[in-house]
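1. Kindly generate the corresponding structure for this input.
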Amino acid sequence: MNLKTLTIALAAAVAAFVIVGVAVTELAGQSMEFSLFVGIPAGLVAGAVAGAVVALGLGSEEAGNRRIAAAFGAFGVAFLATFLVGAFLLSVGVVLSILVGVVVGAVAAPIGYLRGPKTPPTATA
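-> Down below sits the predicted model:
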């Protein structure tokens with residue numbers, strides 16, 4: 001596993017954490033107080049699963065697994081970049097930044113799949 005794989009897996013994990021955490025918090029907020037205590041663990045689980053799937057998929061021997069993992073990773077990287085630029089640099093708001101990030105990530109995912117790795121990973125010492 002190299003630095004590129006770890007970076008892509010981390011980006012996918014953080015993107016899943018943000019999306020699931022915010023979605024669960026907002027949906028549970030209508031029916032319970034302190035919905036953040038439900039949203040954070042849900043986001044942590046989603047982020048851990050997404051990061052592990054991408055890391056294991058990019059290190060897989062099968063081309064199909066690597067390409068699917070590359071698609072998830074591309075979504076994560078595109079979502080995070082768009083979210084951070086929109087929310088912090090352009091100050092357009094968190095909700096709008098998340099929505100635009102999801103759209104940009106959904107466009108980046110098929111591109112990541114089509115351009116994904118086709119050859120088996122090389123072993124590094």
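
2. Which parts of the chain are helices?
-> For the chain, the helices defined by DSSP state H occupy 3-29, 36-58, 63-84, 94-114.

3. And the shortest one, what does it pack against?
-> For helix 94-114, the contact count by 3 or more C-beta pairs under 8 Å, 6 or more residues apart in numbering; DSSP states H and E identifies helix 3-29, helix 63-84 as packing neighbours. For every residue, glycine as well, the C-beta is placed using N, CA and C.

4. Likewise for the first one?
-> Packed against helix 3-29, as judged by 3+ C-beta pairs under 8 Å, 6+ apart, are the following elements: helix 36-58, helix 63-84, helix 94-114.

5. Could I get the buried residue list for it?
-> Residues of helix 3-29 classed as buried: 5, 8-22, 24-25, 28 (neighbour count, 16 or more other C-beta atoms under 10 Å).

6. residues touching the residue lying closest to Leu27 once chain neighbours are set aside, list them.
-> Leaving out its chain neighbours, the residue that sits closest to Leu27 by C-beta to C-beta, 6 or more residues apart in numbering is Ser35, at 7.9 Å. Contact partners of Ser35, counting by C-beta atoms under 8 Å, 6 or more residues apart in numbering, are Val24, Thr25, Glu26, Leu27, Ala28, Gly29.

7. In terms of pLDDT, where does Ser35 sit?
-> For Ser35, the pLDDT comes out at 89.

8. show me what contacts Ser97?
-> Per C-beta under 8 Å, 6+ apart, neighbours of Ser97: Thr82, Phe83, Val85, Gly86, Ala87.

9. excluding its backbone neighbours, what's nearest it?
-> Of all residues not flanking Ser97 in the chain, Gly86 sits nearest, at 3.3 Å (C-beta to C-beta, 6+ apart).
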